[in-house]
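Engineer: generate coordinates for the sequence data below:
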Amino acid sequence: MRIILIEDQPDLAHWLARALTASGYVVDVIGDGIDADNALKTEEYDLAILDMNLPRLSGEAILQRLRARHQTLPVLVLTARGELSDKVKGLEMGADDYLVKPFELDELEARLKALLRRHQGHENAWLQCGDLRYSKQQQFFELAGKLLTLTRREHTVLEVLIRRKGQPLNRERLFNQVFTLDDNANQEAIEVYIHRLRKKLDGSNVSITTLRGLGYLLEQRDAP
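Structural biologist: As a prediction, the model looks like this:
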């Protein structure tokens with residue numbers, strides 16, 4: 001899950017990004033309103049955490065522009081404005097949830113998970129491709145009924161692929177879903193993680209195929 005954290009208080013943004021990263025999210029931190037609006041136009045995110053008081057462009061304006069572009073990205077407003085009228089205004093403008101500072105991290109993470117569940121739907125708690133299964137709620141993989149041990153990056157790459165099973169994903173889009181804007185990495189790093197995942201899937205009926213000009217495809221192999 002890739003999150004954009006739009007927050008101009010450096011200490012809070014740094015602490016929250018570290019906490020969310022430790023929980024398995026990929027987090028881009030942006031503290032400027034116009035930069036955030038541009039990122040929302042060009043990058044792919046699963047959820048946004050949005051402060052209202054931002055330099056150059058307010059959180060309200062960002063939210064209005066986002067919904068005017070018909071983007072359905074879930075947005076959790078995180079702000080010091082705690083009056084009922086502020087909450088009502090934020091929700092009416094298109095926010096999906098509203099949390100007042102100061103807050104407890106456990107509550108924030110619970111709200112994020114609830115937003116993601118609502119956005120993704122409740123039709124199935126598991127994603128599956130052959131012998132590979134992924135629990136969307138508990139965020140772990142099983143291969144042939146056994147827990148599959150993965151590093152954080154491997155987990156993120158495989159999660160992106162299984163969410164798009166049967167659909168090729170090019171290296172640039174996969175890279176953007178796995179690494180943040182601040183990560184010191186290039187697109188060749190994706191090939192390293194693909195190689196590691198192929199080794200861990202070896203012997204199963206699931207494979208990651210490279211399609212020339214199209215990208216990587218997670219698919220179930222036919223039985224011999």
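Engineer: in stretch 85-97, what's buried?
Structural biologist: Asp86, Lys87, Lys89, Gly90, Met93, Gly94, Ala95, Asp96, Asp97 (16 or more other Cβ atoms under 10 Å). All C-beta spots, glycine's among them, are computed from the backbone N, C-alpha and C.
Engineer: let me fix that, I meant to ask about stretch 172-187.
Structural biologist: Of all the residues in stretch 172-187, those buried under the rule 16+ other Cβ under 10 Å are Leu174, Phe175, Asn176, Gln177, Val178, Phe179, Thr180.
Engineer: which one of the residues you listed is nearest to Ser58?
Structural biologist: Distances from the buried residues of stretch 172-187 to Ser58 were compared by Cβ to Cβ; the smallest belongs to Thr180, at 23.9 Å.
Engineer: for the residue lying closest to the closest one once chain neighbours are set aside, give the beta-bridge partners.
Structural biologist: What sits nearest to Thr180 in space, not counting adjacent residues and going by Cβ to Cβ, 6 or more residues apart in numbering, is Asp28, at 4.8 Å. Beta-bridge pairing for Asp28 (DSSP bridges): Ile4.
Engineer: burial count for Asp28?
Structural biologist: Residues lying near Asp28 (other Cβ atoms under 10 Å) number 21.
Engineer: with the one 10 residues further on instead?
Structural biologist: Residue crowding around Asn38 was assessed by other Cβ under 10 Å; the count is 13.
Engineer: just the terminal-to-terminal distance for stretch 208-218.
Structural biologist: Separation of the first and last residues of stretch 208-218 by Cα to Cα, to the nearest Å is 5 Å.
Engineer: what helices and strands are in contact with the top helix by length along the chain?
Structural biologist: Under DSSP state H, the helix in the chain containing the largest number of residues is helix 105-120. In this structure, helix 105-120 makes packing contacts with helix 10-22, strand 47-50, strand 75-79, strand 97-100, judged by 3 or more Cβ pairs under 8 Å, 6 or more residues apart in numbering; DSSP states H and E.
Engineer: buried residues, that helix. List them.
Structural biologist: Leu108, Arg111, Leu112, Lys113, Leu115, Leu116.
Engineer: CA atoms only for it, dumped as CSV, please.
Structural biologist: The C-alpha trace of helix 105-120 is given here as CSV (Å, rounded to 0.1, in the frame of the first residue of the first chain):
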residue,chain,number,x,y,z
LEU,A,105,-1.0,5.9,16.4
ASP,A,106,-3.2,2.8,17.0
GLU,A,107,-6.3,4.7,16.2
LEU,A,108,-4.8,6.2,13.1
GLU,A,109,-3.7,2.8,11.7
ALA,A,110,-7.1,1.3,12.5
ARG,A,111,-8.8,4.1,10.5
LEU,A,112,-6.4,3.7,7.6
LYS,A,113,-7.2,0.0,7.5
ALA,A,114,-10.9,0.7,7.6
LEU,A,115,-10.6,3.2,4.8
LEU,A,116,-8.7,0.8,2.6
ARG,A,117,-11.2,-2.0,3.3
ARG,A,118,-14.1,0.2,2.3
HIS,A,119,-12.3,1.4,-0.8
GLN,A,120,-11.3,-2.1,-1.9
